[in-house]
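Enquirer: only geometry, no sequence info:
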């Protein structure tokens, strides 16, 4: 029995709350110190993004990390990849860590594809010889041979992403940390990514995978960790942990969801999502065929053109069903709200949401895995639908009719031309 | 608790825990990441010269044009002495090292802020970022350096016998720039308004350094006031600029007090900068 690849002992990370702006100005700090010299550190609230998290991950294991937004998933990866330090506790990591926290880190738009491969490889921890040896393979994987000497600012976003992922995927670390990369790119590319992660884990390397896409976690990971409010809520076989997560999510569903506010957002940020019935009453359960509403509140931080607010409706497993968009608007700084009426023929199912804001077709805010709404069957029991029958329910319910005798013969006769 | 059997082929174990107050400077780690440093310098230079019309010529034009203006106004019109050398040679030599210092420090100050994306996504010793700015400045210095030889030929200034000392003063220039760069980059990351003050500080610094004038005009006045020589040496760039000229052009050797004072301050700035940087770098990803 070899030592575990990752061993975490009471790992904790504390953040200060209330400091909405991530940075200070020297002028304010100085004048603040003069005005209220004693106010100092009194009213400082803290939040434990990770709270005494202990676990072990064996070598070669693929482990999924799930939990609601703000549960500490990304913080865990950040601490394990040494980007940020834990406040207390310790972790031991055996082997080189490669993190796909966000692909394309360190890409420079002015440099060519070739130059960016070298630079990005070095940033991710590859040696020069290693980069040279894998160069052709990376270009091949990304499928950008023809553009390799073009500055990447002229790449399409798809090409850019493929190249970035290709470099990261060829890092060949002993331990791979992945955070939501699969949310981006087209379907074919997502498949490629999943395939690469599978092969990495088959080669006996350790994978730690954070995602809201429970289906992907189910297919990739044998075990899973469930985080809630920074604490490790459950650890065990992936199926069991996912079941537990879904149960908890349904039980703790709230009709109003406060949206995370990422540091560094400078154009627009979400405030909340609210779910109400037609009469305005907040609810988290709606009957089949009952129209309901989603209200999306957001804040515009600076004047922006062509702003579109969108709310995506996804199955609880993360599979997108549809996205609702607002009309575009030119907005001044301030708080705004948009209300969508959901009159889709949704079947009995559990839903989660994505909130996004774009300006001039550029995404400035994107959060997924939000909220929890259940569509439940009417008490009449008239509908024969089950969770397995899909997300949509057609209102058309045709009569069942007997096939007349000659008609049956015709259908038996098969492909022949009818007289 | 069982300890890890560190076998020959076992992958290295990294222990992640809150760092203690004074846990060294992380120099070994910086050495381990030297290839990344190379790539960061390479990126800076490549990007800097890629989309500029003048390209690398800019590195020469900057000190050259400044020297021309200085010669015209300070040398000719104001008649500022230049240690017996033709004023153009005198000022270009000083401006060479000054331009390096000013550029390197200004770029290092904003280097962490502009690498925010990198710092919040990938781990590496953070000191590499301001270091890359400093070393990138050295490349500019190397490009502008040969022109000094042209100046010396044109004005018949022979190469000095003290040339052997040149590497020492170059090292001192790098140490000073690095020390100041480490301080400013870490402070700028926490207090974003500092970046607007840096160019101003650098400009004032030029006037208190013996670039336009030789320190030989200042020292006698200091002495007349009963002040010690090392007061001038409190400015680390005083020793660096004077040392540059002394080792390259053979100007009269500046007072020992100035040189020793500057060297000591340089080293202190570097050590304190490295200590401060290492103490605050653990929270960089949280403040960005």
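Expert: Sure thing, it's come through. All figures in this text were calculated on a predicted structure; none of them were measured in a lab.

Enquirer: List the residues that contact residue B:244.
Expert: Shown in contact with residue B:244 (CB atoms under 8 Å, 6 or more residues apart in numbering or on different chains): B:93-94, B:96-97, B:166, B:169-170, B:173. Every residue, glycine included, has its C-beta placed from N, CA and C.

Enquirer: Of those, which belong to helices?
Expert: Of the contacts of residue B:244, the ones assigned to helices by DSSP state H are B:93-94, B:96-97, B:166, B:169-170, B:173.

Enquirer: can you list those in a markdown table and add distance to chain A and pLDDT?
Expert: Formatted as a markdown table, the ones in helices among the contacts of residue B:244 follow (distance: CB to the nearest CB, whole Å; pLDDT from 0 to 100):
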| residue | distance to chain A | pLDDT |
| --- | --- | --- |
| B:93 | 33 | 92 |
| B:94 | 31 | 93 |
| B:96 | 28 | 93 |
| B:97 | 29 | 94 |
| B:166 | 31 | 91 |
| B:169 | 32 | 93 |
| B:170 | 27 | 94 |
| B:173 | 27 | 96 |
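
Enquirer: will you turn those into a markdown table that also has neighbour count?
Expert: Output for those, formatted as a markdown table (neighbours: other CB atoms under 10 Å in any protein chain shown):
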| residue | neighbour count |
| --- | --- |
| B:93 | 27 |
| B:94 | 29 |
| B:96 | 25 |
| B:97 | 27 |
| B:166 | 15 |
| B:169 | 24 |
| B:170 | 18 |
| B:173 | 28 |
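
Enquirer: Pairing partners for the helix or strand hosting residue A:64, with directions?
Expert: Residue A:64 belongs to strand A:62-66 when assigned by DSSP states H and E. Next to strand A:62-66 in the sheet, as set by DSSP bridges, lie strand A:206-210 (parallel), strand A:223-228 (parallel).

Enquirer: Tell me which of the ones you listed sits most buried.
Expert: strand A:206-210 (a mean of 25; mean count of other CB atoms under 10 Å in any protein chain shown).

Enquirer: tell me the average confidence for that one?
Expert: For strand A:206-210, the mean pLDDT works out to 89.

Enquirer: can you give me how far it is from the chain middle?
Expert: 14 Å (CA atoms, centre = their mean, to the nearest Å).

Enquirer: Contacts for the helix or strand just after it, please.
Expert: Note on strand A:206-210: by DSSP H and E, the next helix or strand toward the C-terminus is helix A:214-220. Residues outside helix A:214-220 that contact it (CB under 8 Å, 6+ apart): A:62, A:64, A:66, A:182, A:194, A:197-198, A:201, A:207, A:209, A:211, A:224, A:238-239, A:242, A:245-246, A:316-319.

Enquirer: same question, stretch B:152-169
Expert: B:85-86, B:88-89, B:97, B:151, B:239-240, B:243-244, B:246-250.

Enquirer: ok so, going back, in CSV: the contacts of residue B:244, plus distance to residue B:231.
Expert: Putting the contacts of residue B:244 into CSV (distance: CB to CB, whole Å) gives the following:
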residue, distance to residue B:231
B:93, 24
B:94, 20
B:96, 26
B:97, 21
B:166, 26
B:169, 20
B:170, 25
B:173, 21
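
Enquirer: Out of those, flag the one nearest to residue A:234.
Expert: residue B:173 (58.5 Å; CB to CB).

Enquirer: residue contacts, the closest residue to residue B:281 other than its chain neighbours?
Expert: Distance criterion CB to CB, 6 or more residues apart in numbering or on different chains; nearest residue to residue B:281, sequence neighbours excluded, is residue B:126 at 4.3 Å. For residue B:126, the contacting residues are B:112, B:119, B:277, B:281, B:284, by CB under 8 Å, 6+ apart.

Enquirer: For my notes, confirm residue B:126 occurs in a strand.
Expert: No - going by DSSP: H, G, I helix; E, B strand; the rest coil, the assignment for residue B:126 is coil, not a strand.

Enquirer: Pick out the residue of the stretch 151-288 of chain B closest to chain A.
Expert: Closest residue of the stretch 151-288 of chain B to chain A, CB to the nearest CB: residue B:191 (3.7 Å).

Enquirer: Quick one: the strands in chain B, in order.
Expert: B:13-16 (DSSP state E).

Enquirer: can you give me the helices in chain B?
Expert: Counting by DSSP H, the helices of chain B are B:27-32, B:34-50, B:57-70, B:87-114, B:116-119, B:128-144, B:146-154, B:166-190, B:194-208, B:219-224, B:230-233, B:236-249, B:256-280, B:284-287.

Enquirer: got JSON lines for those helices, with distance to residue A:310 too?
Expert: Below are these laid out as JSON lines (distance: least, CB to CB, whole Å):
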{"stretch": "helix B:27-32", "distance to residue A:310": "44"}
{"stretch": "helix B:34-50", "distance to residue A:310": "35"}
{"stretch": "helix B:57-70", "distance to residue A:310": "45"}
{"stretch": "helix B:87-114", "distance to residue A:310": "31"}
{"stretch": "helix B:116-119", "distance to residue A:310": "25"}
{"stretch": "helix B:128-144", "distance to residue A:310": "36"}
{"stretch": "helix B:146-154", "distance to residue A:310": "58"}
{"stretch": "helix B:166-190", "distance to residue A:310": "34"}
{"stretch": "helix B:194-208", "distance to residue A:310": "36"}
{"stretch": "helix B:219-224", "distance to residue A:310": "69"}
{"stretch": "helix B:230-233", "distance to residue A:310": "63"}
{"stretch": "helix B:236-249", "distance to residue A:310": "55"}
{"stretch": "helix B:256-280", "distance to residue A:310": "39"}
{"stretch": "helix B:284-287", "distance to residue A:310": "30"}
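
Enquirer: how would you label the closest residue to residue A:204 other than its chain neighbours: helix, strand or coil?
Expert: Once flanking residues are discounted, residue A:204 sits nearest to residue A:60: 4.3 Å by CB to CB, 6+ apart. Recorded secondary structure, residue A:60: coil (three-state DSSP).

Enquirer: still on that earlier bit, can you tell me which of the contacts of residue B:244 is closest to residue A:51?
Expert: residue B:173 (49.0 Å).

Enquirer: Go ahead and confirm that closest one touches residue B:99.
Expert: No - using CB atoms under 8 Å, residue B:173 makes no contact with residue B:99, being 10.9 Å away.

Enquirer: Distance-wise, check residue A:265 relative to residue A:74.
Expert: For residue A:265, the distance to residue A:74 (CB to CB, to the nearest Å) stands at 15 Å.

Enquirer: Could you check how far residue A:134 is from residue B:267?
Expert: Distance from residue A:134 to residue B:267, by CB to CB: 42 Å.

Enquirer: Between these two, which is the more surrounded one?
Expert: residue A:134 (19 against 15; other CB atoms under 10 Å in any protein chain shown).

Enquirer: Phi, psi for the more buried one please.
Expert: phi -100, psi 0 (degrees, to the nearest 10).

Enquirer: From chain B, how far off is it?
Expert: 15 Å (CB to the nearest CB, to the nearest Å).

Enquirer: residues in contact with that residue?
Expert: Contacts of residue A:134 were listed using CB under 8 Å, 6+ apart, and they are A:121, A:126, A:170.

Enquirer: Tabulate those (JSON lines), appending pLDDT and distance to residue B:177.
Expert: Output for the contacts of residue A:134, formatted as JSON lines (pLDDT from 0 to 100; distance: CB to CB, whole Å):
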{"residue": "A:121", "pLDDT": "87", "distance to residue B:177": "29"}
{"residue": "A:126", "pLDDT": "83", "distance to residue B:177": "29"}
{"residue": "A:170", "pLDDT": "81", "distance to residue B:177": "37"}
